[in-house]
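# sequence? don't have it. structure:
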C-alpha cells in the first residue's frame, strides 16, 4: 500500500514538474510582456501610405530571452517575424538579457541579488552551460538568432557589416522581406571579467552593446545600481576596444557619471538604445538635456522607448513628446526608435502596430522627411558607421 502511494505521489510530482517546464515560461511571459488595455488613435489613409514606404529600424528588443520560435506567430509578447513584417520593420536589433536581479527596480539593485535569468534559463530547459554563466547565455542567444536566420534566409538576414545593411535594403520587396537582424547585449557583465570574451561575442555577431544593465558591474556603474559610479579601469579598456572592433557603444542604463565619461572619450557615434528623456518623463533611467547634447555631439542617436519607464505613459503621443523634445534640443537627426519590446514591459501596441508612431508623428506636425529620419534613417546612419571596424572606417 505504501509503495503504491509513493508511486502515485511520484507520478504527481513528475506531472507538476512537467507543468512548470512546459507551461511556466509561457505563463511568465504573458504576465511580463503585456499590452495596455487602452484605445489607440485611428490611423489615417495618409499615415498608412507613408508608413508602407518607410525604412523602419528599431534599436532594441528582448525577444531572444523567451522560449518561443521568433519565426512563428505567437499569442503572447510583442514581437515575432510575422508581426515585424506586418509592421514594415526593415532592421531589428535583438538584445541579449543575461542577468536580472530579484526585486529589480529603477532605484537600487545589488549585483549579488538572486538572478531571475538563472531561474528562467533552467525553467526554459536551455542548454546546461547557460544555467550559471552570463557569457554562455548571450552566446546561446546569438546562436538562436543565427539559427532563425539560417532557417528562413529569405525572411530574416543577419546584419554584421555595412554591406549586410545595404544587401537587406536592396533585397526587400513588397512582402516586407527580408528583415535585417542585428545582435546586441544588455550589459557587458557577460564578459565575466575576461576581455577575450568580447572577441568571442563579436565572432558570434555582436555589433552593439550596453555597458551595464540594472546593477553595477566590472565595467561601470548603473543608474539603478548601488554605487552608481563611473567607468572602471576595465570599462576604460573595453570602450575603445569596442569602437575599434565595430561594436556600437550603448549608454542605456548607465549612471550619470558613466554617461559623462563615455561621451568624453567617444571617438564614434554613441547610442542610447531604449529609454526616454528627463524633460518629459523624470525617471532616473532617462537622459538629461546635457546628456542628450553629449550624444548628439558624437553623431549618435537616442532610441525612444514605448513603455512607462521611458515616456511615463504607453500612448503614441507620449512617445512622440519625447521625440519632439530631442528634436527641438539637438535636431531631428538624433532621434530613433527603441521600443524595448518583449523586455518585461507593458506597451501600448505591439510590433505589428508601429504605424501608431507614424500617425502620432504626423499629428505632432513632423514633416515627411523628418518622419523618415526618425523611423529608421537616423539609426541606419549610425549603424552603418558604427559596425565598420575602425580601420575600415578610417
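Perfect, I can see it now. The model shown is predicted, which means the values in this text are computed figures rather than measured ones.

# what about the nearest residue to residue 283 once chain neighbours are set aside, how many neighbours?
Spatial nearest neighbour of residue 283, chain neighbours left out: residue 309 (5.6 Å); criterion: C-beta to C-beta, 6 or more residues apart in numbering. The C-beta positions use only the backbone N, C-alpha and C, and glycine is treated the same way. Residue crowding around residue 309 was assessed by other C-beta atoms under 10 Å; the count is 19.

# With residue 163 instead?
Residues lying near residue 163 (other C-beta under 10 Å) number 11.

# my read is it is in a helix, agree?
Yes: checked against DSSP: H, G, I helix; E, B strand; the rest coil, residue 163 lies within a helix.

# thinking again about what came up before, give the rounded mean pLDDT of the strand or helix carrying the residue nearest to residue 283.
Using DSSP states H and E, residue 309 sits in helix 308-311. Mean pLDDT, computed over helix 308-311, is 97.

# Can you name the residues in contact with it?
The contact list for helix 308-311, computed with C-beta atoms under 8 Å, 6 or more residues apart in numbering, reads 106, 274-276, 280-281, 283, 285-286, 304-305, 314, 318-319, 321-322, 338, 340, 345-346.

# which is the next helix or strand following that helix?
Counting by DSSP H and E, what follows helix 308-311 is helix 316-330.

# For that following helix, list every residue counted as buried.
By neighbour count on 16 or more other C-beta atoms under 10 Å, the buried set for helix 316-330 is 316-327, 330.

# out of the residues you listed, who's nearest residue 142?
Using C-beta to C-beta, residue 319 comes nearest to residue 142 of those, at 29.1 Å.

# and the closest one, what is it in contact with?
Neighbours of residue 319 in contact, by C-beta under 8 Å, 6+ apart: 304, 305, 306, 311, 357, 360.

# Among the residues you listed, find me the one that's closest to residue 116.
residue 305 (20.3 Å).

# Run a quick neighbour tally on that closest one.
Counted with other C-beta under 10 Å, residue 305 comes out at 29.

# Let me see the contact set for it.
Going by C-beta under 8 Å, 6+ apart, residue 305 touches 60, 274, 275, 276, 311, 319, 338, 339, 340, 345.

# rerun at 10 Å
59-60, 252, 272-276, 281, 285-286, 311, 319, 322, 337-341, 343, 345, 347 (C-beta atoms under 10 Å, 6 or more residues apart in numbering).

# Report the separation between it and residue 48.
Look at residue 305 and residue 48: by C-beta to C-beta, to the nearest Å, they are 24 Å apart.

# Tell me the confidence at residue 27?
80.

# hang on, isn't it packed against residue 76?
Yes: using C-beta atoms under 10 Å, residue 27 is in contact with residue 76, at 9.1 Å.

# More neighbours: which of these two?
In this view residue 27 and residue 76 are compared by other C-beta under 10 Å, and residue 76 has more residues nearby, 17 against 12.

# Residue 151 - how many residues pack around it?
Look at residue 151: counted by other C-beta under 10 Å, it has 11 neighbours.

# okay, the residue lying closest to it once chain neighbours are set aside: pLDDT?
Spatial nearest neighbour of residue 151, excluding adjacent residues (C-beta to C-beta, 6+ apart): residue 71 at 6.3 Å. We have a pLDDT of 97 for residue 71.

# How much space separates residue 185 from residue 200?
Taking C-beta to C-beta, one finds residue 185 at 12 Å from residue 200.

# Need the residues touching each of these two.
Going by C-beta under 10 Å, 6+ apart, residues that sit against residue 185 and also against residue 200 are 135, 138, 142, 191, 206.

# thinking the third one is in contact with residue 185, fair?
Yes: counting by C-beta under 10 Å, residue 142 touches residue 185, with 8.7 Å between them.

# More neighbours: the two, which one.
The residue with more neighbours, out of residue 142 and residue 185, is residue 185; 29 against 24, by other C-beta under 10 Å.

# For the more buried one, which residues are in contact?
Applying C-beta under 10 Å, 6+ apart to residue 185 gives the contacts 64, 94-98, 134-135, 137-138, 141-142, 191, 201, 206, 208-211, 213, 247, 250.

# I'm done for today, thanks for sticking with me.
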